[in-house]
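Trainee: predicted coordinates and the sequence they were generated for:
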Amino acid sequence: MSAEWTPELRLHAQADRCRLHLVGVTYGNGATMQEASNDLLARLFDLGTATYDGRFRATSEFGAPDRRVLDFLWEIGELAARGGDIRGRVFDVPAPRRPSD
């Protein structure tokens, strides 16, 4: 993959709640940052696979979608379809190493 664009990730935490917001795409909520991360990834997985499978349709009410966002969602969907780890793509962490056969 060439230079990849990733939406900005913002964290908002209060005493008992966390929200991770992938700006312009989706969000995740949870009691901990890990729960919020898991929630965000589940939502993103659904958006990405819908985009990749051609089930996502942008509405004209909101104007033209940001091409970078659509490309990002397509990439997430493609990665998910291959069985890849979207967590690494979103949070910029390397995928876990697999033991050699």
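Mentor: Cool, got the structure.
Trainee: longest helix in this structure, please.
Mentor: In terms of residue count, the longest helix belonging to the chain (DSSP state H) is helix 33-52.
Trainee: mean confidence score for that one?
Mentor: Helix 33-52 shows a mean pLDDT of 96 in the predicted model.
Trainee: now the helix or strand following that helix against helix 33-52, angle please.
Mentor: Counting by DSSP states H and E, the next helix or strand C-terminal to helix 33-52 is helix 67-81. Taking axes from the mean of the first three to the mean of the last three CA atoms, to 10 degrees, helix 67-81 and helix 33-52 form an angle of 100 degrees between their directions.
Trainee: send over the helix or strand following helix 67-81 as PDB, restricted to the C-alpha atoms.
Mentor: Downstream of helix 67-81, the first helix or strand assigned by DSSP H and E is helix 86-91. Backbone C-alpha positions of helix 86-91 (Å, rounded to 0.1, in the frame of the first residue of the first chain) are rendered in PDB as follows:
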ATOM      1  CA  ILE A  86      -8.300  -3.700  10.700                       C
ATOM      2  CA  ARG A  87      -7.100  -2.700  14.200                       C
ATOM      3  CA  GLY A  88      -3.600  -2.300  13.000                       C
ATOM      4  CA  ARG A  89      -4.700  -0.100  10.100                       C
ATOM      5  CA  VAL A  90      -6.800   2.200  12.200                       C
ATOM      6  CA  PHE A  91      -4.500   2.500  15.200                       C
END
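Trainee: in the protein, which residue is closest to the centre?
Mentor: Nearest to the centroid of the C-alpha atoms of the chain, with distances taken as CA atoms, centre = their mean, sits L44, at 4.0 Å.
Trainee: what stretches of this structure score poorly on pLDDT?
Mentor: Residue ranges of the chain with pLDDT under 70: 1-3, 93-101.
Trainee: can you get me a residue count around the closest residue in space to A81 that isn't next to it in sequence?
Mentor: Nearest in space to A81, with sequence neighbours left out and distances taken as CB to CB, 6 or more residues apart in numbering, is Y52 at 5.9 Å. Placement of C-beta: from N, CA and C, glycine included. Counted with other CB atoms under 10 Å, the neighbours of Y52 add up to 18.
Trainee: I'd guessed Y52 sits against I86; true?
Mentor: No: with contact defined as CB atoms under 8 Å, Y52 and I86 do not form a contacting pair (11.5 Å).
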